[in-house]
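Novice: What shape does this take:
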Amino acid sequence: MNKIKETLKKHTITFWLLNLYLILMIFIPKTYSYVFGLPFRLLLTALLILVIFYEYKKDKLKFNNHKSRLIYILLFIFTLAIIPSLIVSKDIITSLYTYIKFMSAFVMFILIYRIKFEDDEYKILLKNLIICLAVISIIGLIQYIFNIDLMVKNSGIYYYPGAKGRLEITFFNACYYGIFINITYGFVLYAIYKNKNKKFNIPLILLAVLFFINLILTFTRSAIIIFIWLFITIACLFTRFKPNFKLIITIILLIASSLIIPGSKPLFTKTFNDALKMANKIAYFLPININIEDDEYVEYDENSEFVDYSLQHREAFSRIAKRIAKDNLYTGVGFGTYINYMNSRDFDLKYPEYDIAKIHPHSSVILTYAETGIFGLISVVLIYILLVLMSVRIFIKSFRSNNEVFRVSVVALTMALGFMLVNIMSENAAYDTQINYLFMLMYGMTLSYCYKNMPKKVLFIASTGGHLSELLQLKPLFNKYDNSLITEKTKSTIDLKEKYKNVNYLVYGTREHKFTYPFKFMYNCIKSLILYIKINPNVIVTTGTHTAVPMCYIGKLLGSKIIFIETFANSETKTASGKLVYPIADTFIVQWESMLKLYPKAIYGGWIY
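Specialist: Sure, this is the predicted structure:
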């Protein structure tokens, strides 16, 4: 009992609430989405966000330095972009609820990936997730065997002879359960690959097989396509294309299980047919090339031997949604009110020839386009692209190392790309408070782990002369980090490449040359941006002067920590670069105590020599 109490006290309320949040979001059925008329999952997310803010304010929780200001800018643009859709909405409550749904997911993601978790906390969360996946897989198998709450009506299950129904467990439908399996399967493969304890090898491999069987029992073709791509990508990158016994055994068992499940053969046949046709069908799932006449709808051939009515219906739903979007290009029909609009008299008058089911298009991209217009669509797409690029950045930076960060970045990247693909081509997962929240939670955790364990890249930059001389006094720190050095190219600095690794040069210029200096400064600004992208530093350390200022501002804008050391030469007056960098510096160090009067927020560090 004492040990349990000590464990509980060791971790923050946020950490334990995260574990509970994960469990509840997976296992609370869709029938309990509302409690006393209130959206349960949204309230739970709001509670998590409030607890994080409270513990941070009380200094019980630490954030990392990866602020990613760009995502804040994009969220602000998103808010502005959907205002026209709120104005035209005929159900403002639903529209505001939809906006809050999206924003709460994004805010939760930002907070989760900013939290500094301890190493054992990541392990506990991973174990918790694996246990949850094992439990829900067993529940799914029991449900299917005993034919409990399977999705049968209007599910297209008749395409797969021998199948009883489609497995959906606690999710909105079978497609969403398939999405959940895909965004979490990478963690199962990671656990198999990482596990060093032989007694857990068999249970983890069995979990991988059982979870895959659950995926088959959803009978969701888009999920199968994404799974195959995801599995091959993760397995190849984890092993660097070298044989791995545990993964080979897992692959053999997956193939064997896929052959014995009733209905799996036609499922895989239709899945591979869909994959071959996808290049031709992709136009139906993107909000572009809208050259559809008002009377152009799909003709159904009921005598065809292998007609896929579900796909034809999806195409028809996408067509009408794109027409609605085109006709309401700048405002949409109201965020979250697409079905309200389809059921309105305005819709019937404008599209009298439309005579099939009034259902959302099976694509978050097209649905957002129809509901919020072109600007709302662009803003949402840019946010999700940025989310993907965050894992791409880590993947690229860690590719050569082949360490834990690299493997976790593979999980994060495949998870993000898989989620993006399914939102483009088959489902509205971005609108779902279960799938979207779970994705944001797990994606935020993976990025948080990667950021915490990435080797720190430090950029040292200074103008030539005394400023560079002071900077080189920090040489003992160079080898502690993945470092780079930037200065101006002169006869006195050309030999630095022989003494230090990763040395880059800017053009030498002084303000005394009033005609040429502005051009050289502009060139250095552009080259600083190029070098920043190339080096991608976590921290920028500089002793000034003008050469370093553009790099500091670029770094600040793109999320690097700025450390500025005011020159030893000034004990009573500010330098020009000091004045410019002081407002944005995370740490500002002065070498004379008297300089604290000029820089009140600075730190007195003593002489650098």
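
Novice: Output the lowest mean pLDDT helix or strand found in this protein.
Specialist: helix 2-10 (a mean of 68; mean pLDDT, DSSP states H and E).

Novice: Show me what secondary structure element comes after that helix.
Specialist: For helix 2-10, the following helix or strand on the C-terminal side (DSSP states H and E) is helix 13-27.

Novice: Let's test this: mean pLDDT of the helix or strand following that following helix, rounded?
Specialist: As assigned by DSSP H and E, the chain's next helix or strand after helix 13-27 is strand 34-35. On average, the pLDDT along strand 34-35 is 78.

Novice: If you count contacts, what does strand 34-35 end up packed against?
Specialist: Here strand 34-35 touches no other helix or strand, going by 3 or more CB pairs under 8 Å, 6 or more residues apart in numbering; DSSP states H and E. Every C-beta, even on glycine, is put in place using the N, C-alpha and C of the backbone.

Novice: What pairs with the following helix or strand past it, parallel or antiparallel?
Specialist: Downstream of strand 34-35, the first helix or strand assigned by DSSP H and E is strand 38-39. The strands beside strand 38-39 in its sheet (DSSP bridges) come out as strand 34-35 (antiparallel).

Novice: Would you mind giving the domain segments of the protein?
Specialist: 12-61, 65-116+316-402+418-454, 119-285, 457-604 (automatic domain parsing).

Novice: Turn those into CSV, including distance to residue 410 and mean neighbour count.
Specialist: Listed next are those as CSV, based on distance: least, CB to CB, whole Å; neighbours: other CB atoms under 10 Å:
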stretch, distance to residue 410, mean neighbour count
domain 12-61, 21, 16
domain 65-116+316-402+418-454, 7, 20
domain 119-285, 5, 18
domain 457-604, 19, 18
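
Novice: any chance of those domains in CSV, with distance to residue 409 too?
Specialist: Below are these laid out as CSV (distance: least, CB to CB, whole Å):
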stretch, distance to residue 409
domain 12-61, 21
domain 65-116+316-402+418-454, 4
domain 119-285, 9
domain 457-604, 14
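
Novice: From residue 363, how far off is the closest residue in space to residue 327 that isn't next to it in sequence?
Specialist: Counting by CB to CB, 6 or more residues apart in numbering, residue 350 is the residue found nearest to residue 327 once chain neighbours are left out, at 7.2 Å. Here the criterion is CB to CB, to the nearest Å. By it, residue 350 lies 21 Å from residue 363.

Novice: my guess is residue 381 meets residue 365, correct?
Specialist: Yes: with contact defined as CB atoms under 8 Å, residue 381 reaches residue 365; the gap is 7.0 Å.

Novice: Show me where this structure has its strands.
Specialist: Counting by DSSP state E, the chain has these strands, from start to end: 34-35, 38-39, 457-461, 482-488, 503-506, 539-542, 561-565, 587-590, 603-604.

Novice: Would you mind pulling up the elements that the last one packs against?
Specialist: It refers to strand 603-604. By 3+ CB pairs under 8 Å, 6+ apart, strand 603-604 packs against strand 587-590.

Novice: follow-up on the earlier one: any chance of the strands of the chain in TSV with distance to residue 138 as columns?
Specialist: Converted to TSV, these look like this (distance: least, CB to CB, whole Å):
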stretch	distance to residue 138
strand 34-35	27
strand 38-39	29
strand 457-461	44
strand 482-488	45
strand 503-506	56
strand 539-542	47
strand 561-565	46
strand 587-590	52
strand 603-604	56
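
Novice: Go through these and name the closest to residue 203.
Specialist: strand 34-35 (35.1 Å; CB to CB).

Novice: Looking at the domains of the chain, which is nearest to residue 411?
Specialist: Across the domains of the chain, closest to residue 411 is domain 119-285 (CB to CB), at 3.8 Å.

Novice: Distance from the chain centre to the closest one, please.
Specialist: 21 Å (CA atoms, centre = their mean, to the nearest Å).

Novice: Report the separation between the residue sitting nearest the centre point of the chain and residue 467.
Specialist: Residue closest to the average C-alpha location in the chain (CA atoms, centre = their mean): residue 387, at 3.6 Å. Counting by CB to CB, the gap from residue 387 to residue 467 is 39 Å.

Novice: check contacts around the residue nearest to the residue nearest to the centre of the chain when sequence neighbours are not counted.
Specialist: Spatial nearest neighbour of residue 387, chain neighbours left out: residue 416 (5.9 Å); criterion: CB to CB, 6+ apart. Going by CB atoms under 8 Å, 6 or more residues apart in numbering, residue 416 touches 387-388, 391, 443.

Novice: ok, residue 147 - contacts?
Specialist: For residue 147, the contacting residues are 164-165, by CB under 8 Å, 6+ apart.

Novice: Touching, residue 422 and residue 181? I think so.
Specialist: No: taking contacts as CB under 8 Å, residue 422 lies outside contact range of residue 181: 11.3 Å.

Novice: what residues are shared contacts of the two?
Specialist: When contacts are counted by CB under 8 Å, 6+ apart, residue 422 and residue 181 are jointly contacted by residue 223.

Novice: so how far is residue 489 from the closest residue to residue 414 other than its chain neighbours?
Specialist: Excluding the flanking residues, the one nearest residue 414 by CB to CB, 6+ apart is residue 230, at 5.0 Å. Using CB to CB, residue 230 is found at 47 Å from residue 489.

Novice: Would you map the helices across the stretch 351-500 of the chain?
Specialist: Counting by DSSP state H, counting those that start in this stretch, the stretch 351-500 of the chain has helices at residues 364-398, 404-425, 435-453, 466-471, 475-478, 496-499.

Novice: of all those helices, which lies closest to residue 547?
Specialist: helix 466-471 (8.3 Å).

Novice: That closest one - what's its average pLDDT?
Specialist: When pLDDT is averaged along helix 466-471, the result is 91.

Novice: Show me how far it is from its chain's centre.
Specialist: 40 Å.

Novice: for residue 473, what are its contacts?
Specialist: Residue 473 touches 608-609, counting by CB under 8 Å, 6+ apart.

Novice: run the last query once more with 6 Å
Specialist: residue 608 (CB atoms under 6 Å, 6 or more residues apart in numbering).

Novice: And for residue 325?
Specialist: Going by CB under 6 Å, 6+ apart, residue 325 touches 369-370.

Novice: CA atoms of stretch 384-404 as PDB?
Specialist: Extracted in PDB, the C-alpha atoms of stretch 384-404 (Å, rounded to 0.1, in the frame of the first residue of the first chain):
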ATOM      1  CA  TYR A 384      -2.500  19.000 -40.500                       C
ATOM      2  CA  ILE A 385       0.400  19.400 -43.000                       C
ATOM      3  CA  LEU A 386       2.400  21.200 -40.200                       C
ATOM      4  CA  LEU A 387       1.600  18.300 -37.800                       C
ATOM      5  CA  VAL A 388       3.000  15.800 -40.400                       C
ATOM      6  CA  LEU A 389       6.100  18.000 -41.000                       C
ATOM      7  CA  MET A 390       6.800  18.000 -37.300                       C
ATOM      8  CA  SER A 391       7.400  14.200 -37.400                       C
ATOM      9  CA  VAL A 392       9.100  14.500 -40.800                       C
ATOM     10  CA  ARG A 393      11.600  16.900 -39.200                       C
ATOM     11  CA  ILE A 394      12.500  14.500 -36.400                       C
ATOM     12  CA  PHE A 395      12.600  11.500 -38.800                       C
ATOM     13  CA  ILE A 396      15.100  13.300 -41.000                       C
ATOM     14  CA  LYS A 397      17.200  14.500 -38.100                       C
ATOM     15  CA  SER A 398      17.400  11.100 -36.500                       C
ATOM     16  CA  PHE A 399      17.600   9.000 -39.700                       C
ATOM     17  CA  ARG A 400      21.400   8.300 -39.500                       C
ATOM     18  CA  SER A 401      21.400   7.500 -35.800                       C
ATOM     19  CA  ASN A 402      19.100   4.500 -35.900                       C
ATOM     20  CA  ASN A 403      18.300   4.900 -32.200                       C
ATOM     21  CA  GLU A 404      15.100   4.900 -30.200                       C
END
